[in-house]
Structures are given as C-alpha cells and as structure tokens.
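Engineer: predicted model and sequence below, questions to follow.
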Amino acid sequence: MALTTVILAAGQGKRMNSDLPKVLQPLAGRSILSHILATTSNLGSQAINIVYGHGGELVQREFEHFSVDWTLQAEQLGTGHALKQALPSIPEDHEILVLYGDVPLVTEKTLNKLLSAAKGGVALLTAELGSAKGYGRVLRDKKNNVVAIVEEKDTTPEQSKIKEINTGLMVFPGKAIRGWIEAISSDNQQQEFYLTDVIALAVAEGVPVTGVLVDNADDIVGINNREQLASAERILQKRYAREVMDQGATLADPNRFDLRGSLKVGRDVFIDVNAVFLGNVELGSGVRIGPNAIISNCKLGDHSVVHEHCVIDGVVTGENCEIGPFARLRPGTQFDSQVKVGNFVEVKASTVISGAKMNHLSYVGDTQVGKGVNIGAGTITCNYDGASKHKTIIGDRVFVGSGAMLVAPLNIGNDATIAAGSTITKNVPEKTLSVARGKQSVIKGWKRPKK
C-alpha cells in the first residue's frame, strides 16, 4: 500500500524560551526536524507532509530544498485537528504514518516494524516506562488487544497506574481515518481534539488495532525544553559513538565524543576526549586525534596525528602527517605525505608537498610549499594587499629562517635560503642566500622615557 508520512510540527515550544521554533533547535549539529526527515526519507513514502504553525516561515525556509508538502495549522487545537488539516491532500488509498516534529530519535528499524504491524488496520507505537507521568495510557482488554488510549489528565486513579504509554506514533488507513477524525470531540480537560480518540472508534468498527512495543525507549524521547534537548543530544551521540567504534575506532571516552555530521574511520583509529567532528570527515587507518580537537570537512591520510587543541577545516592530508598542538588549518589546505605543522601555526588555501615542516608560530596562506621545505618560527606569507590575495611559491628544499616576511606575489627557487629576519619582496633565484634586513643602529647615551 502507498504511504504518506505526516509530521506534526506546529507547536510553539514555549518552554524552550527561544526565538527559534522548537523543531529548528539544534541537535547534533542540525535541526531536530531534519533528523526526522532523514529517517522518514528511507521509508518509501510517496509524500511527506509537514503540518506547521508557529514560526512557519522559518521552518519552511529551512527546508525549502526538501521535497515535502506543507500544511498550515493556524490554530493549535490538538493532534486530531492537526492531522485533519493535512487529510485533503492525501489520497484515500494511502496508509498514513503520523510522526511528531519533537520526537527525533525514532529509528528506521522501529518505524518499519510499526508499518509492518498495521496490515491495513491501525498500529500504534507503545512503550513501558519506569514512570508514565505525562503520557497517555494504553488500555487493553482481557485478550491483550488495544481498545483505547486515555490522556493522563483524563485517567481514572486505576488507569493512571498503567505503565504502558502511547508514544503518539501511529499508522492509519487513509480512508477510514477521515470518518474517525470527524467523529472525535474536544470534550476533555484540554478542550482539544485528541488523535488518540480515534483508537476507540476504530475498535468499535471492528478495525484491528495493534500495539507495537518499542524495543528501546530512547526511540520515543520527546523534546519540550532545553534539558530534554541536552538529554536527546547525549543519546544520539552515544549512538554515533557506537557506530564509530564498530567501524574500528577506539574512543578514550564515548561520553565525551561529539559528531555533528558524518564520520568514516579506518582501522585502529584513536580519538581522545572532547574531539568534535563537523560536516563530512574521513579518517584513514591508524589516525590519532588528540583531545579538544575540532575537525570539520576533512580527509586525513593513514597514520596521521592531530595533537590536542587543533582546529582544522576543509583539509586533505596524505599519510603520516603531524598537526599541532594548537594549530589552525583553514579550507583549501592540502598536505602531501609526512608534512609537519607545529604549535601556533596557521595554514590557509595552501598546498604543501611531502617532507615540508613549519614547526611553530607561522602563517602560510595562498602558498605552494615544495618538498622538504623548512619554514622557521614567526614566518609570515604576506598574501593580502588590502584588496586582493596573492600567491607565494616556495620551491623544493628551501630553508626559510625565523621571523621572515615573504611578501606576495613571490617565487622562491629550489634550494634557496632566506636569512632570519628578512623581508623578501622580490623573487629569489635557486641555490642562493637572500638577506633583506634594515641596518642596525646603536645610539649611545639614549635615555628611556620615564613616567
């Protein structure tokens, strides 16, 4: 049967105390709602319909490149009312999977299990929690069939003791749900149209209702405030940590690992505490990542090492490179094998060939660095004239002394030497020594100013 997924995402999220709609709050580097969309996109839905309300313009703008249908719920009158707004755009012969914009951790496996249980009838995802406070209770008959759901505020004292709760995730037949939605009322404590009220109506018509108990309660965690958002973050990061360890990485502490994108690792990778990975990152076999490193959109070659407190973004390295500690590598940087970048070195939009090293306190930007080059401490490539960026080309086996200023555009030939403290403004021939220092003056009898 064809499938339409409806995501109810019209809530304001007042308890977030935020100008940002609840479904756009960040979770593992992207919005809460984007996690749900990523999961549902693999279910084979013919259409995904998002019911929006508060902050609708922001939500639509965030997902303008996604192939989804949008339904406005101008007044928030309950979950039944929300689904009713979407029904006119859904064919009657479709099954309807109902999800929630603030329940982002549900897995594809769980949703497929729920869909399989529907079989043309109704299926709802349930859970058994240590504390059922805040949830609607699932009522079953003596044969263990689901007969109704009662919202917590409407439960009797006996019903409030029930541990099995309704998660809100359901599957309905597209034709029958129309009649049930019309039949429910808002005669309850909240004066809302509860989608859960259709369960009793389905049972009354003899439509089978299957309760599917979720395997892991983490799947149904809802987010209504920042504390719950933080809890969901840790649950998701632990999932990511397990996936990375299954690939072949050792994590010094899985509780202090953060992935905000995708991470592919080779065998025998080691990742120390508080490393953060953003965007798309790939680590070759034997790579070691030190503590407090921030790595974005990088591909690091086998057996490379990133020491502590490095920030690297948009970098590609070959094998056996060493970076840091306290290094910053910016987008467009490419290293060949066995390149060494030490502490407090910044490299931007540069190509560095094998064996080159810049061990400390240097800035290299828009530069081509040759094989076996040594760049001394405090060296700066002066690549920006205030209007345009200019390129520096450093040939193979060049030795650049400490404190040199290389003013681009500049070409330094193979095997050349730049004396420490020089400001180089003209091209340097190969196999030469260039010295460009101001004449030192000594003024005798000079007295230092006093306050």
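Structural biologist: All right, it came through fine.

Engineer: list the contacts for Thr250?
Structural biologist: The contact partners of Thr250, by CB atoms under 8 Å, 6 or more residues apart in numbering, come to Asp268, Val269, Phe270, Ile271. No exception for glycine: its C-beta is placed from N, CA and C like everyone else's.

Engineer: and it, helix, strand or coil?
Structural biologist: Secondary structure, DSSP: H, G, I helix; E, B strand; the rest coil: Thr250 is strand.

Engineer: pLDDT at it, what is it?
Structural biologist: Looking at Thr250, its pLDDT stands at 98.

Engineer: partners of it in the sheet?
Structural biologist: Thr250 has these beta-bridge partners by DSSP bridges: Phe270.

Engineer: which strands or helices does the host helix or strand of Asp258 pack on?
Structural biologist: Here Asp258, judged by DSSP states H and E, is contained in strand 257-265. Applying 3 or more CB pairs under 8 Å, 6 or more residues apart in numbering; DSSP states H and E, one finds that strand 257-265 contacts helix 226-247, strand 275-283.

Engineer: and after the shortest one, which helix or strand comes next?
Structural biologist: Of the helices and strands lying after strand 275-283 in sequence (DSSP H and E), the nearest is strand 288-289.

Engineer: quick one: average confidence on the helix or strand just after that next one?
Structural biologist: Using DSSP H and E, the helix or strand that follows strand 288-289 in sequence is strand 294-296. Averaged across strand 294-296, the pLDDT comes to 98.

Engineer: now do stretch 390-401
Structural biologist: On average, stretch 390-401 scores 98.

Engineer: who's in contact with that stretch?
Structural biologist: Outside stretch 390-401, the residues that touch it by CB under 8 Å, 6+ apart are 353, 366-376, 379, 381, 383-384, 406, 408-422, 430.

Engineer: and the helix or strand containing Ile393, how far out from the chain middle?
Structural biologist: When elements are assigned from DSSP H and E, Ile393 belongs to strand 392-394. The chain centre lies 37 Å from the centre of strand 392-394; the measure is CA atoms, centre = their mean, to the nearest Å.

Engineer: strands paired with that strand, and their directions?
Structural biologist: strand 367-369 (parallel), strand 410-412 (parallel).

Engineer: next structured bit after the last one?
Structural biologist: To tie it back to what came earlier, the one meant is strand 410-412. Strand 410-412 is succeeded, C-terminally, by strand 417-418 (DSSP H and E).

Engineer: how about residues contacting that next one?
Structural biologist: Contacting residues not belonging to strand 417-418 are listed as Val398, Phe399, Val400, Gly401, Ala404, Leu406, Ile412, Ile424, Val428, Thr432, Leu433, Ser434 [CB under 8 Å, 6+ apart].

Engineer: now do that strand, average pLDDT.
Structural biologist: Per-residue scores along strand 417-418 average to 98.

Engineer: that strand: partners in the sheet, and parallel or antiparallel?
Structural biologist: Here strand 417-418 is paired, per DSSP bridges, with strand 399-400 (parallel), strand 433-434 (parallel).

Engineer: mind listing what's buried in the strand holding Asp258?
Structural biologist: Phe257, Asp258, Leu259, Arg260, Gly261, Leu263, Val265 (16 or more other CB atoms under 10 Å).

Engineer: list the contacts for the nearest residue to the first one once chain neighbours are set aside?
Structural biologist: Translated: Phe257. Residue nearest to Phe257 in three dimensions, not counting chain neighbours: Ala241, with 4.8 Å by CB to CB, 6 or more residues apart in numbering. Ala241 makes contact with Leu251, Pro254, Phe257, Leu259 under the criterion CB under 8 Å, 6+ apart.

Engineer: and Ala241, how close does it get to Lys264?
Structural biologist: The gap separating Ala241 from Lys264 is 14 Å, by CB to CB, to the nearest Å.

Engineer: hang on, the earlier thing: could I get the helices and strands packed on strand 257-265 as JSON lines with mean pLDDT and distance to Ser160?
Structural biologist: Below are the helices and strands packed on strand 257-265 laid out as JSON lines (pLDDT from 0 to 100; distance: least, CB to CB, whole Å):
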{"stretch": "helix 226-247", "mean pLDDT": "97", "distance to Ser160": "22"}
{"stretch": "strand 275-283", "mean pLDDT": "98", "distance to Ser160": "43"}
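
Engineer: what's the most buried one of the ones you listed?
Structural biologist: Mean neighbour count (mean count of other CB atoms under 10 Å) peaks for strand 275-283 among these, with a mean of 20.

Engineer: centre of the chain to that one, how far?
Structural biologist: Mean-position distance between strand 275-283 and its chain equals 10 Å (CA atoms, centre = their mean).

Engineer: with that, I have no additional questions.
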